[in-house]
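*Asks:* From the sequence below, what's the structure:
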Amino acid sequence: MTRILGIDPGSRVTGFGVIDSDGQKSTHVAHGCLDVESGKLADRLRLIFEGVGRVVRLYRPDEMAVELVFMYRNPDSALKLGQARGVAVVAGALADLPVFEFTPAAVKLAIVGLGRADKAQVQHMVKVLLRLDATPPSDAADALAVALCHGHTRSAPLPCRRMRPKRWA
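*Replies:* Numbering: from 1, shown residues only. Sure, this is the predicted structure:
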């Protein structure tokens, strides 16, 4: 079994999800949100970095999977999201974790079967696939979906080209 940390980056709320996966079967370990709603951007980025570092030390994942940034209508929002994603990636890289990236469409395709699935569909499928008693919050469900996507694609003998992760480090 490989322990995978999934991250759904956000400049105000960053979701995390931890699973154990052998490629065929995945087991829920933990999930949650790093809520950094208030403060200056630099302070929020520090809190995300420290929070991801704590999650890594607590759950000791073998690999990390992060959702790629997609372009928003507002370039300022995209830049802030990219910075949040960057500090999360650095926190994983400093812990010597291999870091993999997936597009939102690839994650949705892997979990729901539709690249344009909505958040409620992702939440529902994460609950079903991990046999959770309750539906996780949206950001945590997205992070668990990223971890599940990586767990499913990392062991596939011939991964679909559009779902092939980009590896950092």
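*Asks:* alpha carbons only for contacts and neighbour counts from here, please
*Replies:* OK.
*Asks:* those helices in the protein, which residues are they?
*Replies:* Secondary structure of the chain (DSSP state H): helices at 41-59, 75-94, 104-111, 119-129, 138-154.
*Asks:* Out of the ones you listed, the one nearest residue 10 is which?
*Replies:* With CA to CA as the criterion, residue 10 lies closest to helix 75-94 of the helices of the chain, at 5.5 Å.
*Asks:* And that closest one, what's buried?
*Replies:* 78, 80-93 (16 or more other CA atoms under 10 Å).
*Asks:* by contact count, what packs against it?
*Replies:* For helix 75-94, the packing partners by 3 or more CA pairs under 8 Å, 6 or more residues apart in numbering; DSSP states H and E come out as helix 41-59, strand 63-67, strand 99-102.
*Asks:* Return the most buried member of those.
*Replies:* Highest mean neighbour count among those (mean count of other CA atoms under 10 Å): strand 63-67, with a mean of 26.
*Asks:* Within the sheet, what are the partner strands of that strand, with directions?
*Replies:* Sheet partners assigned to strand 63-67 using DSSP bridges are listed as strand 2-8 (parallel), strand 99-102 (parallel).
*Asks:* Dump the last one to PDB, restricted to CA.
*Replies:* This means strand 99-102. Extracted C-alpha coordinates of strand 99-102, given in PDB (Å, rounded to 0.1, in the frame of the first residue of the first chain):
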ATOM      1  CA  VAL A  99       4.900  15.400  -6.200                       C
ATOM      2  CA  PHE A 100       2.500  14.600  -9.000                       C
ATOM      3  CA  GLU A 101       0.100  17.000 -10.700                       C
ATOM      4  CA  PHE A 102      -3.400  16.500 -12.200                       C
END
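*Asks:* for that strand, the distance to its chain's centre please.
*Replies:* Mean C-alpha position of strand 99-102 versus that of the full chain (CA atoms, centre = their mean, to the nearest Å) differs by 9 Å.
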